[in-house]
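Chemist: could you work out the structure for the sequence below:
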Amino acid sequence: MPDLSLAPAWTALFLGLFALFAGIGELRQAGHWQKMLEEMGASPALQLIAALLELFLGAAIYIVNPWASADWLSGAMSVLGGLMIIEALVVLAFSDVYMAFWLRRFGPMSKLWAWLSILIGIAGIAVAIPHF
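Modeler: Okay, here's the model as predicted:
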């Protein structure tokens with residue numbers, strides 16, 4: 001059986017890096033997230049592909065990070081994986097409502113969302129590094 005003791009740290013690190021650089025990208029080219037959501041809202045194919053990708057990633061995160069672990073980070077990553085699975089299923093079933101919900105929350109607040117993504121990314125990296 002493979003040793004998955006570092007799976008929570010690797011998960012937090014990679015998700016933190018993703019959030020950090022996604023936020024930087026949105027600050028550099030403001031409006032990209034808004035455009036992405038508009039394109040996804042208009043394309044059932046993109047909705048299906050995004051939901052499938054999120055379902056697989058969420059399931060992988062959930063599976064490799066045991067819920068009943070002494071490591072709090074493992075439990076947190078397991079919850080995050082479960083939330084990703086739920087979001088993927090919501091996108092599949094209610095994409096029109098879900099995309100409209102998020103489209104209303106972007107626009108003039110894109111810088112706020114970008115900074116929030118950067119802060120979440122830094123936090124993910126910061127909690128991961130001591131586990132190595």
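Chemist: count the residues that sit near N65.
Modeler: By other C-beta atoms under 10 Å, the residues close to N65 number 25. Glycine gets a C-beta too; all of them are placed from N, C-alpha and C.
Chemist: ok, it touching M84?
Modeler: No. In this structure, N65 is not within contact of M84 by C-beta atoms under 8 Å, at 11.7 Å.
Chemist: lowest average confidence, helix or strand, in the protein?
Modeler: helix 32-42 (a mean of 93; mean pLDDT, DSSP states H and E).
Chemist: then the helix or strand just after that helix to CSV, C-alphas only?
Modeler: Going down the chain from helix 32-42, the next helix or strand is helix 44-64, by DSSP states H and E. C-alpha atoms of helix 44-64 as CSV (Å, rounded to 0.1, in the frame of the first residue of the first chain):
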residue,chain,number,x,y,z
PRO,A,44,-23.3,23.2,-22.0
ALA,A,45,-20.2,21.3,-23.2
LEU,A,46,-17.9,23.5,-21.1
GLN,A,47,-20.2,23.0,-18.1
LEU,A,48,-20.1,19.2,-18.5
ILE,A,49,-16.3,19.1,-18.9
ALA,A,50,-15.7,21.4,-16.0
ALA,A,51,-18.1,19.4,-13.8
LEU,A,52,-16.4,16.2,-14.8
LEU,A,53,-13.0,17.5,-14.1
GLU,A,54,-14.0,18.9,-10.7
LEU,A,55,-15.8,15.6,-9.9
PHE,A,56,-12.6,13.6,-10.6
LEU,A,57,-10.3,16.0,-8.8
GLY,A,58,-12.6,16.2,-5.8
ALA,A,59,-12.9,12.5,-5.6
ALA,A,60,-9.1,12.0,-5.8
ILE,A,61,-8.6,14.6,-3.0
TYR,A,62,-11.3,13.0,-0.9
ILE,A,63,-10.0,9.5,-1.4
VAL,A,64,-6.3,10.2,-0.6
